[in-house]
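**Q** what follows is a predicted protein model with its sequence.
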Amino acid sequence: MSRVGKHPIVIPGGVNVSLEGGMLTGTGKNGEFLFRVHNTVNAEVVDGKVCFSPKDSGKGARAMWGTSRSIVSKGLLGLAKPFSKKINLVGVGYKASVQGRNIVLQLGYSHDVVFEIPGDIKIVCESPTAIVVSGANVQRVGETVKCLQKFRDPEPYKGKGVIIEGQFVYRKEGKKK
């Protein structure tokens, strides 16, 4: 069994953390992080560290102990340094551009795909075929990347589509005559 919850979280520089009434609040240069501490877990901020402990020895309390610690750790890291993922557009004529709070994708359809960028996410087009999605919340960054990928999933025969950097696209052999 994992003992992730035992390790205290060192609060990164430039991040302020407070705990009031079961609500853990962190603020930093990249935004704000809110987390409601589960009722089976104790949390305390001591000497620049956030410590968690289970209230009882039940299975649910021990599970939430490690889960709470992991969520808060990622949240505080995102306030200090934003998380980012890179996307590549692979295909003839596939390109992207940011226009205000929208990203316009040309993915081989008869029309352009317009996606509204969420308020807490920053999207930058390094080149017409390379997009960088960044933000303080790792979950929101991942959700946004998957939303963009759903417009044109990678296909296995030619390898075209919206591909997340580091993702493996299983290639299939085409029909034989």
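**A** Sure thing, it's come through. Numbers count the residues shown, from 1 in each chain.
**Q** got the domain ranges for this protein?
**A** 4-80, 83-164 (automatic domain parsing).
**Q** and the end-to-end length of the first one?
**A** In this case it means domain 4-80. For domain 4-80, the first-to-last residue distance is 21 Å (CA to CA, to the nearest Å).
**Q** any idea how far it is from the chain center?
**A** Domain 4-80 sits 18 Å away from the centroid of its parent chain (CA atoms, centre = their mean, to the nearest Å).
**Q** returning to that earlier point: of all the domains of the chain, which lies closest to Glu173?
**A** Between Glu173 and the domains of the chain, the shortest separation by CB to CB is 8.4 Å, and it involves domain 83-164. The way it works is simple: take the backbone N, C-alpha and C, and place the C-beta from them, glycine included.
**Q** pLDDT on that closest one, on average?
**A** In this model, domain 83-164 has a mean pLDDT of 94.
**Q** report the longest helix in the protein, please.
**A** Counting residues, the longest helix in the chain under DSSP state H turns out to be helix 59-80.
**Q** give me the mean pLDDT for that helix.
**A** Per-residue scores along helix 59-80 average to 91.
**Q** mind listing the strands the helix or strand immediately after that helix in the chain pairs with, and their directions?
**A** In the C-terminal direction, the helix or strand that comes right after helix 59-80 (DSSP states H and E) is strand 83-90. If you go by DSSP bridges, strand 83-90 pairs up with strand 130-135 (antiparallel), strand 161-164 (antiparallel).
**Q** one step back: can I get the domains of the chain in TSV including distance to Gly174 and mean neighbour count?
**A** Converted to TSV, those look like this (distance: least, CB to CB, whole Å; neighbours: other CB atoms under 10 Å):
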stretch	distance to Gly174	mean neighbour count
domain 4-80	42	16
domain 83-164	6	16
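**Q** Ile103 against Ser97, yeah?
**A** Yes. Using CB atoms under 8 Å, Ile103 is in contact with Ser97, at 7.3 Å.
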